[in-house]
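S.K.: How does the following fold in three dimensions:
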Amino acid sequence: MRSASGVEATGGDTVPGIPRPGDRGPNRGERPCGRRFPDGRWLAVLAWPVVLLAGCATAPPPSTSPPADVRAEIVRRMPASVPDRDGWATDIEASLAAQRIGTTPENLCAILAVAEQESGYVANPAVANLPQIARAEIDRRAGALHVPGFVVDAALALESPDGRSYGERLRAARTERDLSDLYEDMTGSVPLGRRLFAAHNPVQTGGPMQVSIAFAESRAAAYPWSMDGSVRDEVFTRRGGLYFGIAHLLGYETPYTRKVYRFADYNAGWYASRNAAFQNAVATAAGTVLALDGDLLAPGAPLDRPGQTERAVRSLAGTLDMDTREIRKALERGDRLDFGDTALYARVFGLAEAKSGAPLPRAVLPGIRLESPKITRELTTAWFAQRVDERYRRCMQR
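M.R.: Next comes the predicted model:
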């Protein structure tokens, strides 16, 4: 259902290249507990079992510490073995300041935990067996288009813009940026490259936080610094990769305070954990089984051919007192914070909790299996979130 281009990196069990499929588009921190009035005010909830299950609590206010103090705090919380900790701290602090995101210890450790997990604090991490993986991907695409192997070999033997053949560059590729540049040159210069990749570079994530390049391109207008090349090129730099990675990790408000759900969203898409909990409630209320993947609507599905989750919700339409169009309209808000304020959300949870006789969680780690030729073992979004959360907790203890 979702794909990943992740791979075990050369330094431990970090997995760079896991993309952010279904980027749900904008944290200034986790949202306070409570229910919102129509005018946007919040009513605090002090003793509500569901709140306890969701791990909800009032978020700390953003830090107003001087930039030098923030940089010193970042350096202190990074592992001592990281090269150029001052440089990393400078780029992180500048990115947070540019996006007006709070410099709380929780936010700093969340950023550091993702960077450590995704790249081991390397701006452009090396990928083991990259030439073999890349050639297999080229052959796979060629096979799907019924392109003979000798035609692929002939294309790779052509001279590329840097004077080497494409095959030589492929054999020498060590990082995702090497591979991305190769694909870009092939797409722009070789007819077969255009046919194989159709202006769609297979390298979809990059940089120290392995942020989605598509996400970065969608946020490029707000980027505060000049770029020497494209947005894609900038993602592979430490400064650019951190800026866009921080935007993806912390640049939206959430209904959780436990960072593990935000880490899951970083991998699976904004609000995936909240939406997976809603799917769990739908499954309970409807007495069915649903994939808890955070996708409330099938991409591009017409109203008369709904996806699995929407069909399950529609089976409850009479009890919910909502028609199919009202249900679709509410589900379309699944990429927004205020989906949690819709009548559909409240009524589904009401039905599910009445049926189960107990409160249900408002956040669930999505059950998504990460698939890629670069992943050699079974990994999931939950695995990713829990690994990052372990690093986050160690950072908070430093």
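
S.K.: Could you pick out the longest helix of the protein?
M.R.: helix 381-397 (DSSP state H).

S.K.: State the mean pLDDT of that one.
M.R.: What helix 381-397 shows for mean pLDDT is 96.

S.K.: Give me the distance between stretch 232-248 and the centre of its chain.
M.R.: Centre-to-centre, stretch 232-248 and its host chain are 13 Å apart (Cα atoms, centre = their mean, to the nearest Å).

S.K.: tell me the mean pLDDT over it?
M.R.: 97.

S.K.: Could you list the low-pLDDT ranges of the chain?
M.R.: Within the chain, the segments meeting pLDDT under 70 span 1-64, 199, 370-378.

S.K.: Using the record's assignment, carve it into domains.
M.R.: The chain breaks down by automatic domain parsing into domains covering 130-204, 270-356.

S.K.: Tell me which of those domains is the most buried.
M.R.: domain 270-356 (a mean of 18; mean count of other Cβ atoms under 10 Å). For every residue, glycine as well, the C-beta is placed using N, CA and C.

S.K.: Start and end of that domain, how far apart?
M.R.: Distance across domain 270-356, first residue to last, is 28 Å (Cα to Cα, to the nearest Å).

S.K.: Quick one: residues in contact with the longest helix of the chain.
M.R.: 13, 15, 18, 77, 105-106, 108-110, 112-114, 116-117, 259-261, 263-264, 266-268, 272, 365-368, 370 (Cβ atoms under 8 Å, 6 or more residues apart in numbering).

S.K.: a markdown table for the domains of the chain, including distance to Pro224?
M.R.: As requested, the domains of the chain are arranged in a markdown table below (distance: least, Cβ to Cβ, whole Å):
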| stretch | distance to Pro224 |
| --- | --- |
| domain 130-204 | 22 |
| domain 270-356 | 22 |
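
S.K.: Could you check how far Thr237 is from Ala247?
M.R.: To Ala247, Thr237 is 15 Å away according to Cβ to Cβ, to the nearest Å.

S.K.: hang on, I meant Phe197
M.R.: Taking Cβ to Cβ, one finds Phe197 at 27 Å from Ala247.

S.K.: Out of the contacts of helix 381-397, name the ones that lie in helices.
M.R.: 77, 105-106, 108-110, 112-114, 116-117, 259-261, 263-264, 266-268, 272.

S.K.: ok so, going back, and Thr237 and Ala247? Which one has more around it.
M.R.: Ala247 (24 against 21; other Cβ atoms under 10 Å).

S.K.: show me what contacts that one?
M.R.: Pro26, Gln99, Val211, Phe215, Arg219 are the contacts of Ala247 under Cβ under 8 Å, 6+ apart.

S.K.: surely Gly207 meets Val235?
M.R.: Yes: counting by Cβ atoms under 8 Å, Gly207 touches Val235, with 4.7 Å between them.

S.K.: Overlap of the contact sets of those two?
M.R.: Gly241, Phe244.

S.K.: re the thing from before, tell me which of the domains of the chain sits nearest to Val122.
M.R.: Smallest distance to Val122 across these (Cβ to Cβ): 8.9 Å, for domain 130-204.

S.K.: Can you get me the start-to-end distance on the closest one?
M.R.: End-to-end distance for domain 130-204: 15 Å, by Cα to Cα.

S.K.: for stretch 91-107, same thing?
M.R.: Chord length of stretch 91-107, first to last residue, is 15 Å (Cα to Cα).

S.K.: Could you list the buried residues of that stretch?
M.R.: 91-96, 99, 101-104, 106-107 (16 or more other Cβ atoms under 10 Å).

S.K.: could you dump those residues to TSV with distance to Glu353?
M.R.: Output for these, formatted as TSV (distance: Cβ to Cβ, whole Å):
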residue	distance to Glu353
Asp91	45
Ile92	41
Glu93	44
Ala94	45
Ser95	41
Leu96	38
Gln99	37
Ile101	34
Gly102	33
Thr103	38
Thr104	33
Glu106	30
Asn107	32
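
S.K.: Identify those among those residues that sit within strands.
M.R.: Nothing among the buried residues of stretch 91-107 maps onto strands, per DSSP state E.

S.K.: Just the ones in helices from those, please.
M.R.: Among the buried residues of stretch 91-107, the residues falling in helices (DSSP H) are Asp91, Ile92, Glu93, Ala94, Ser95, Leu96, Gln99, Glu106, Asn107.
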